[in-house]
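Asks: Kindly generate the corresponding structure for this input.
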Amino acid sequence: MAAAAPAPDGPTTAQVVSELWAALGRARGLSRHRPRLAYDALAVAAGLRAVAMFDYARAAPAELAAALAPLRRAPGFQGGLLVLDGCCYLSDLGHLLQRLETFCRGQGADADADADDGAAGGPALAVVEFGGPAPALAPEASLRALAAQLAPLLAAVERRLSPPRQAGVAWPVIDLAAVPGLPCMPTLNGWLLGYPVVYSVGSYEEAARASGALSAAQLHLFTVRARCAPLGALCGADAAAAAARTRPQAGAQGRGADGGNVLLSFTVPRELRSAGVDAAAAALLDALRRAARRGSGGGGGGGGSGGERFPAGLWGEPTLAVEPAGPGAVSL
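Replies: Residues are numbered from 1 along each chain as shown. Okay, here's the model as predicted:
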């Protein structure tokens, strides 16, 4: 793939990717997670996702921001960090603001399927509640309640983006614990990460009960994958060098040398899988494919400068697979 410059005199795609790869390799506490961190961070920077959660690589915001600093050279990327309970999330705050405005100001109705919203999360959201004897799909009123709970986050993101930050200024950090009225962490995570199916819990005690119910249930696991070609080349070169130095260990497992190519995955109880759930998943896949095909230009995903941030072709065509899962341990 040709590494075209996204803006006049700006860095090429190859430069941004290689600089990110090198910076993560130098970060002592993060280097062992480099493939997955690079993959997830590039998915955000390229506009496929508004938020990525780094729960697998705990680090202080300053350490993470330093390791991800090469992404600040990506034109139009409005990077910021969200923090909750010691876990950091990378966000394109412009993209996140678009999702929040669509969801909150639409009072629970997500973007139209034909809207040019990048990977905004699709036109539908299914919410699963656990208040009864068994998990159940929530009514429209629950969507409105979730929108009301997310409204303070909308205001917080707006404050961070006004006035617009100047080039070279450090990314802002939003402490989610200081934002009043947000949903409980499992519900908040589901929405932030763009899942079309979100588990709604009102307290950590309810989250524990929901975890028990899901652990005993037959689930359907939805997994969206896409390949990032420049990152795959870097990972492959490093893997080949490592293999030349060490013997492979029998039974070794992992997410894969290039981060596993997993954009996101989510589950739904088998008995709750419906035409609406499948439609929401299909809409998400369609939005991701459109974002991957056009690159992140036109202000579609990141709410940035409107110029092309990364060229089309950086990402391969996203695919969706559905497979049975469970019963097995689930922790919300």
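Asks: Quick check: mean pLDDT of stretch 315-332?
Replies: Averaged over stretch 315-332, pLDDT sits at 88.
Asks: er, stretch 153-164 I mean
Replies: Here the average pLDDT along stretch 153-164 is 88.
Asks: So which residues make contact with that stretch?
Replies: 78, 80, 93-94, 96-97, 100-101, 104, 172, 174, 176, 179, 182 (C-beta atoms under 8 Å, 6 or more residues apart in numbering). No exception for glycine: its C-beta is placed from N, CA and C like everyone else's.
Asks: Dump those residues into CSV; add neighbour count and pLDDT as well.
Replies: Shown next, in CSV, are these (neighbours: other C-beta atoms under 10 Å; pLDDT from 0 to 100):
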residue, neighbour count, pLDDT
Gln78, 23, 91
Gly80, 23, 95
Leu93, 27, 95
Gly94, 23, 94
Leu96, 28, 96
Leu97, 21, 96
Leu100, 23, 95
Glu101, 15, 94
Cys104, 20, 89
Pro172, 19, 91
Ile174, 21, 96
Leu176, 18, 97
Val179, 18, 97
Leu182, 20, 96
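Asks: Ser31: which of the residues you listed is nearest?
Replies: Gly80 (23.3 Å; C-beta to C-beta).
Asks: Check which strands are paired with the strand or helix carrying the closest one and give the direction for each one.
Replies: Element membership for Gly80 (DSSP states H and E) is strand 79-84. Strand 79-84 pairs in its sheet with strand 87-92 (antiparallel), strand 173-175 (parallel), by DSSP bridges.
Asks: Other residues contacting it?
Replies: 44-45, 51, 61, 64-65, 68, 71-72, 88-93, 160, 171-177, 185, 188, 192.
Asks: 7 Å - rerun?
Replies: The contact list for strand 79-84 (C-beta atoms under 7 Å, 6 or more residues apart in numbering) reads 51, 61, 64-65, 71-72, 88-93, 160, 171-177, 185.
Asks: In this structure Gln78 contacts Asp92, no?
Replies: Yes. In this structure, Gln78 is within contact of Asp92 by C-beta atoms under 7 Å, at 5.6 Å.
Asks: hmm, back to that, make a PyMOL selection of the buried ones in the contacts of strand 79-84.
Replies: Here is the PyMOL command that selects the buried residues among those (16 or more other C-beta atoms under 10 Å):
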select buried, resi 51+64+65+71+72+88+89+90+91+92+93+160+171+172+174+176+185
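Asks: Grab the longest helix from this structure for me.
Replies: helix 140-161 (DSSP state H).
Asks: Pull that helix out as PDB, backbone CA atoms only.
Replies: Taking C-alpha atoms only, helix 140-161 is exported to PDB below (Å, rounded to 0.1, in the frame of the first residue of the first chain):
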ATOM      1  CA  GLU A 140     -37.200   2.500  24.500                       C
ATOM      2  CA  ALA A 141     -37.500   4.300  27.900                       C
ATOM      3  CA  SER A 142     -34.200   2.700  29.000                       C
ATOM      4  CA  LEU A 143     -32.500   4.200  26.000                       C
ATOM      5  CA  ARG A 144     -33.800   7.600  27.000                       C
ATOM      6  CA  ALA A 145     -32.600   7.100  30.500                       C
ATOM      7  CA  LEU A 146     -29.100   6.100  29.200                       C
ATOM      8  CA  ALA A 147     -29.000   9.200  27.100                       C
ATOM      9  CA  ALA A 148     -29.800  11.300  30.100                       C
ATOM     10  CA  GLN A 149     -27.000   9.600  32.100                       C
ATOM     11  CA  LEU A 150     -24.500  10.300  29.300                       C
ATOM     12  CA  ALA A 151     -25.400  14.000  28.900                       C
ATOM     13  CA  PRO A 152     -22.900  15.200  31.600                       C
ATOM     14  CA  LEU A 153     -20.100  13.400  29.600                       C
ATOM     15  CA  LEU A 154     -21.300  15.300  26.500                       C
ATOM     16  CA  ALA A 155     -20.800  18.600  28.400                       C
ATOM     17  CA  ALA A 156     -17.400  17.500  29.700                       C
ATOM     18  CA  VAL A 157     -16.100  16.700  26.200                       C
ATOM     19  CA  GLU A 158     -17.500  19.900  24.800                       C
ATOM     20  CA  ARG A 159     -15.600  21.800  27.500                       C
ATOM     21  CA  ARG A 160     -12.300  20.000  26.500                       C
ATOM     22  CA  LEU A 161     -12.800  20.900  22.900                       C
END
